[in-house]
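Asks: Got a sequence here, can you build the structure:
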Amino acid sequence: MTGALVLLRHGESTANQAGTFTGLLDVLLTARGEEQARQAGRLLAVHHVIPDLILTSTLQRAVHTADLVSDVLGRDIPTTAVWELNERNFGALTGMTKAASLAALGDAEYLRLRRSRDGRP
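Replies: Residues are numbered from 1 along each chain as shown. Coordinates of the predicted model:
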């Protein structure tokens, strides 16, 4: 397939697994996250979607995901890591469990901060 744009999120990270706000915190993939990345690569291969270029954030969970996808595809795909694709900064919530932040903030404020594009934690 040519001319396709594929958007792919990183696999499960250690912070996802722990239920914590991650944002700019640079955490690793879990074994499950690594397998999710490989599965994404297999799905791309089955559908004959081979990227010409991979753009990723500078965070190691995203870079590792891109590397695993590229490995599954059996190609040395040029990869560029750019900070502009890094996840949002959750400020004081970074590293806090989602349950603790929900208890501290309440339902409405928690959802506003978690899902809004302009909410500032």
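
Asks: Could you report the neighbour count for Pro51?
Replies: 20 (other CB atoms under 10 Å). Glycine gets a C-beta too; all of them are placed from N, C-alpha and C.

Asks: in this structure, what spans have low per-residue confidence?
Replies: 1-3, 119, 121 (pLDDT under 70).

Asks: Which positions in the longest helix along the chain come out as buried?
Replies: Of all the elements of type helix in the chain, the one with the most residues (DSSP state H) is helix 31-46. For helix 31-46, a neighbour-count test (16 or more other CB atoms under 10 Å) marks Gly33, Glu34, Gln36, Ala37, Arg38, Ala40, Gly41, Leu44 as buried.

Asks: Kindly present those residues as a markdown table, with separate columns for distance to Arg88.
Replies: Shown next, in a markdown table, are those (distance: CB to CB, whole Å):
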| residue | distance to Arg88 |
| --- | --- |
| Gly33 | 19 |
| Glu34 | 24 |
| Gln36 | 21 |
| Ala37 | 22 |
| Arg38 | 27 |
| Ala40 | 22 |
| Gly41 | 26 |
| Leu44 | 26 |
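
Asks: where do the helices sit along this structure?
Replies: 14-18, 31-46, 60-73, 98-105, 107-115.

Asks: what's the last one packed up against?
Replies: Here helix 107-115 touches helix 98-105, going by 3 or more CB pairs under 8 Å, 6 or more residues apart in numbering; DSSP states H and E.

Asks: got it, and the third one?
Replies: Counting contacts by 3+ CB pairs under 8 Å, 6+ apart, helix 60-73 packs against helix 31-46, strand 54-56, strand 79-81.

Asks: The second one now?
Replies: With contacts taken as 3+ CB pairs under 8 Å, 6+ apart, helix 31-46 sits against helix 60-73.

Asks: contact partners of the helix it packs on?
Replies: Helix 60-73 is touched from outside by 8-11, 13, 26-29, 33-34, 37-38, 40-42, 44-45, 50-51, 54, 56-57, 76-77, 79, 81, 85, with contacts defined as CB atoms under 8 Å, 6 or more residues apart in numbering.

Asks: I appreciate the help and will end here.
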